[in-house]
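In: how does the following fold in three dimensions:
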Amino acid sequence: MREKHFDAIVREAIEEGGIAGLCRDGQREFAVDRILSETSAMNREQIAIAVDDYLSKGRVDE
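Out: Residues are numbered from 1 along each chain as shown. The predicted model follows:
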């Protein structure tokens, strides 16, 4: 289970992509790239899995 802090980072990155007017796929890529640039604790695949998990739970409106 991921820490709540990381969930907040994922949510913020996805929301920023939405504010920028990006579609769902755009939000996903934006979030993955942003988180990857801010952390060295995880690789791209791990971050993508976390973002996909977050999006699959319907936590962000399209």
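In: can you pull out the helices in the chain?
Out: Listed in chain order, the helices of the chain (DSSP state H) span residues 4-19, 24-38, 44-56.
In: once you drop chain neighbours, what's closest to R28?
Out: Once its chain neighbours are removed from consideration, R28 has its nearest residue in V51; the separation is 5.6 Å (CB to CB, 6 or more residues apart in numbering). Quick note: C-beta positions are derived from backbone N, CA and C, even for glycine.
In: go ahead and confirm that neighbour touches E29.
Out: No: the pair V51 / E29 is not scored as a contact, 9.0 Å apart, by CB atoms under 8 Å.
In: okay, the two: which has more neighbours?
Out: Between V51 and E29, counting by other CB atoms under 10 Å, V51 is the more crowded of the two (23 against 15).
In: contact partners for the more buried one?
Out: Residues in contact with V51 (CB atoms under 8 Å, 6 or more residues apart in numbering) are 10, 13-14, 28, 31-32, 35.
In: return the helix or strand in the chain with minimum mean pLDDT.
Out: Among the secondary structure pieces of the chain, namely its helices and strands, helix 4-19 has the lowest mean (mean pLDDT, DSSP states H and E), a mean of 86.
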